[in-house]
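Chemist: how would this look folded up:
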Amino acid sequence: MEKGHSRSIDPRPKRRKDKDNPYRLFTVGAASSEPHYFIEFKDGSGTEHCLEIEKPLFELFDQFELDDLLRLNEVDRHLDMRELSNVPIEESEQSSKQSAELTALRNLESEALHSAILRLPETQRRRLILYYYGGLTQQQIAEQEGCARVVVTKSLSKALRNLKIFVG
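Modeler: This is a model prediction of the structure:
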């Protein structure tokens, strides 16, 4: 793509980005039957590049930007709440330090939970990990596995019951 080409055709709103985000995404002809997707970045030597990429790759980068924006907003909200607090930062940091005893106890509990998860049947374990650790919804898991959401719901319930038995 030539430099200086009008990018005002891109229907996506301008987003705030992390200072470490090295690229910029844009589309040309998004409303047409043949849209084009681009990524623009500087390489390690400072040379600018603009490459046309396939839609799935564009969508991955786009989702990464949205996830990054979500993280930035969470950090901002956390900082805003801290500024509203009357507790000095030193006191807040002091109260958040954990004793060695508490840390050891949490590590033991975490190990027990991981061992229990490994004892689950493969399907329950996979769905539990996707739901609780992967952040997928039950519907997304169902779509990914080609089954009904209610099947995933029942599987997760059974996995939780089994974990309670395994952990004791």
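Chemist: Run a quick neighbour tally on Asp67.
Modeler: Counted with other CB atoms under 10 Å, the neighbours of Asp67 add up to 11. (Each C-beta comes from the backbone N, C-alpha and C, glycine too.)
Chemist: so where's the protein uncertain?
Modeler: Applying pLDDT under 70 to the chain flags residues 1-20, 76, 78-98.
Chemist: can you give me the strands for it?
Modeler: Secondary structure of the chain by DSSP state E: the strands cover 23-28, 36-42, 48-53.
Chemist: okay if I get these as JSON lines plus distance to Glu101 and mean neighbour count?
Modeler: Below are those laid out as JSON lines (distance: least, CB to CB, whole Å; neighbours: other CB atoms under 10 Å):
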{"stretch": "strand 23-28", "distance to Glu101": "46", "mean neighbour count": "18"}
{"stretch": "strand 36-42", "distance to Glu101": "48", "mean neighbour count": "17"}
{"stretch": "strand 48-53", "distance to Glu101": "52", "mean neighbour count": "12"}
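Chemist: would you list those strands in CSV and tack on distance to Glu111?
Modeler: Written out in CSV, the entries for those read as follows (distance: least, CB to CB, whole Å):
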stretch, distance to Glu111
strand 23-28, 40
strand 36-42, 42
strand 48-53, 43
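Chemist: Could you point out which of these sits nearest Leu163?
Modeler: strand 23-28 (40.8 Å; CB to CB).
Chemist: For His49, which non-adjacent residue is closest in space?
Modeler: Phe41 (5.8 Å; CB to CB, 6 or more residues apart in numbering).
Chemist: how near is that neighbour to Ile53?
Modeler: Taking CB to CB, to the nearest Å as the measure, Phe41 falls 11 Å from Ile53.
Chemist: Kindly tell me how buried Ser45 is, as a neighbour count.
Modeler: Neighbours of Ser45 using other CB under 10 Å come to 5.
Chemist: Torsion angles phi and psi at it?
Modeler: phi -90, psi 0 (degrees, to the nearest 10).
Chemist: OK, contacts around it?
Modeler: Contacts for Ser45 (CB atoms under 8 Å, 6 or more residues apart in numbering) come out as none.
Chemist: Tell me what Tyr23 is bridged to.
Modeler: Phe41 (DSSP bridges).
Chemist: quick one: which of the strands of the chain is nearest Tyr133?
Modeler: Comparing the strands of the chain by their distance to Tyr133 (CB to CB), the top pick is strand 23-28, with 27.6 Å.
Chemist: so what secondary structure elements neighbour the closest one?
Modeler: strand 36-42, helix 55-84 (3 or more CB pairs under 8 Å, 6 or more residues apart in numbering; DSSP states H and E).
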